[in-house]
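Engineer: Show me how the following folds:
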Amino acid sequence: MTLPLLALGLDAGGSGTQWVLLRGGQVVARGTAPPLTAALLGTEAGAAALRVLAEALPAPPDALHAGLPGLSAGTLGAAAAQDVLARTFGLPAEWVGVEGDLDLAYHAHLAPGAGILLYAGTGSIAYHVARDGTVLRAGGRGYRLGDDGGGFSLGRAALRWVTDALDAGEVPSSWLAEEIAAVTGSLNWETLRAFAYGTPGAAAIASLAPAVGRAADAGDGMAASLLDGAAQSLADLAQRVQRRIGRLPVTATGGALRVSPQFPAALARHLPGVTVVWRDHAEVAAHRAARGGRP
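Structural biologist: Numbers count the residues shown, from 1 in each chain. Purely as a prediction, here's the structure:
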């Protein structure tokens with residue numbers, strides 16, 4: 001008797017890659033691998049991330065579908081990513097599907113034309129896919145140019161609060177200060193500088209977002225204020241898209257919104273009618289792999 005195929009789904013990102021293995025529609029295993037983006041594929045960092053992922057799997061997959069940041073389906077970049085993934089896992093190219101992480105996320109929650117996806121992970125974006133496949137977006141410009149309201153901006157705001165206090169000759173003492181110090185190692189400038197600039201990319205600073213959430217849940221007023229500011233930034237992104245296409249409903253998701261219940265509550269205040277939902281995008285990708293890439 002032949003077992004159903006083993007389908008691997010990847011929801012890749014700049015802070016980490018979530019993966020899920022399915023057999024016969026049931027989850028066999030799931031986990032987290034190092035960050036992976038379209039730009040990293042073909043580099044040593046990307047190769048290392050894929051090695052870690054391959055070694056973590058309990059068995060090699062028979063099919064794979066991946067959502068990758070910085071990718072558009074049907075492009076030369078997508079074909080190159082498909083080739084790298086096929087070679088890594090020893091699969092025929094036709095059993096490897098790739099698309100942008102935002103397209104994966106959108107179709108996990110909405111049918112084309114049905115609404116606006118507001119995504120807050122390491123970064124942030126408001127994303128709409130029309131019935132004809134046309135994409136309309138606001139934000140999503142990366143941590144150097146924007147991503148306000150996402151995990152990176154929350155972490156950066158927390159560090160700015162600390163460094164502003166240091167500039168005033170004070171070492172802050174509060175729930176937020178304690179949570180930040182627990183992640184960075186200390187609140188002195190040398191330690192904070194090494195933390196902020198020692199690791200390329202956004203992952204280190206974004207790792208402070210849960211610290212902000214924990215402090216807010218403990219009753220820290222500054223942490224709650226940071227969450228409220230992030231919620232206002234996310235609401236602004238969604239409203240930019242609504243001003244262009246009309247007041248379509250907004251569905252919000254993403255890991256940043258899970259750092260504290262106060263975050264989605266603040267978003268609802270700034271963006272009345274928003275629906276905040278969670279769905280495992282890696283599992284959605286695995287189901288796509290099992291269906292040969294079909295939605």
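
Engineer: list the buried ones in stretch 107-118?
Structural biologist: For stretch 107-118, a neighbour-count test (16 or more other Cβ atoms under 10 Å) marks 107-110, 112, 115-118 as buried. From N, CA and C alone the C-beta is placed, and that goes for glycine too.

Engineer: Just grab the bridge partners of Ala126 for me.
Structural biologist: Counting by DSSP bridges, Ala126 is bridged to Leu118, Ala138.

Engineer: can you tell me which residues contact it?
Structural biologist: Contacts for Ala126 (Cβ atoms under 8 Å, 6 or more residues apart in numbering) come out as 116-119, 137-139, 237-238, 240-241, 250.

Engineer: just those now: which is nearest Arg193?
Structural biologist: Gly139 (28.1 Å; Cβ to Cβ).

Engineer: low-scoring stretches of the stretch 51-200 of the chain, by residue?
Structural biologist: Within the stretch 51-200 of the chain, the ranges that satisfy pLDDT under 70 run 200.

Engineer: quick one: the helices in it?
Structural biologist: For the stretch 51-200 of the chain, applying DSSP state H, counting those that start in this stretch gives helices covering 76-89, 101-109, 151-167, 175-184, 189-197.

Engineer: Quick one, which of those gets closest to Gly292.
Structural biologist: So among these, helix 76-89 is nearest, using Cβ to Cβ, at 13.7 Å.

Engineer: That closest one packs against which elements?
Structural biologist: helix 44-56, strand 63-68, strand 96-100 (3 or more Cβ pairs under 8 Å, 6 or more residues apart in numbering; DSSP states H and E).

Engineer: circling back: mind putting the buried residues of stretch 107-118 into a markdown table with distance to Gly246?
Structural biologist: Shown next, in a markdown table, are the buried residues of stretch 107-118 (distance: Cβ to Cβ, whole Å):
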| residue | distance to Gly246 |
| --- | --- |
| His107 | 21 |
| Ala108 | 23 |
| His109 | 19 |
| Leu110 | 15 |
| Pro112 | 15 |
| Gly115 | 11 |
| Ile116 | 10 |
| Leu117 | 16 |
| Leu118 | 16 |
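
Engineer: Now the two most distant members of these.
Structural biologist: Among the buried residues of stretch 107-118, Pro112 and Leu118 lie farthest apart (Cβ to Cβ), at 16.6 Å.

Engineer: Would you mark the buried spots in the longest helix along the chain?
Structural biologist: Among the segments of the chain that qualify as a helix by DSSP state H, the longest is helix 221-245. For helix 221-245, the neighbour count (16+ other Cβ under 10 Å) marks 222-239, 241-242 as buried.

Engineer: give me phi/psi at Ala33?
Structural biologist: Per-residue torsions, Ala33: phi -120, psi 170 (degrees, to the nearest 10).

Engineer: Can you give me the neighbour number for it?
Structural biologist: By other Cβ atoms under 10 Å, the residues close to Ala33 number 20.

Engineer: From Ser207, how far off is it?
Structural biologist: Per Cβ to Cβ, to the nearest Å, Ala33 is found 16 Å from Ser207.

Engineer: Which of the helices and strands packed on helix 76-89 sits closest to Ala202?
Structural biologist: Of all the helices and strands packed on helix 76-89, helix 44-56 sits nearest to Ala202, with 14.2 Å by Cβ to Cβ.

Engineer: How about the residue nearest to the spatial centre of the chain: what's its closest non-neighbour residue?
Structural biologist: In the chain, the centroid-proximal residue (Cα atoms, centre = their mean) is Gly121; its distance is 3.6 Å. What sits nearest to Gly121 in space, not counting adjacent residues and going by Cβ to Cβ, 6 or more residues apart in numbering, is Gly254, at 4.4 Å.

Engineer: count of neighbours near the residue lying closest to Thr253 once chain neighbours are set aside?
Structural biologist: Spatially, and ignoring its direct neighbours in sequence, Thr253 is nearest to Val277 (5.7 Å; Cβ to Cβ, 6+ apart). Using other Cβ under 10 Å, the number of residues around Val277 comes to 11.

Engineer: Ok, the one 3 residues further on next?
Structural biologist: For Asp280, the number of neighbouring residues by other Cβ under 10 Å comes to 15.

Engineer: Okay then, goodbye and thanks.
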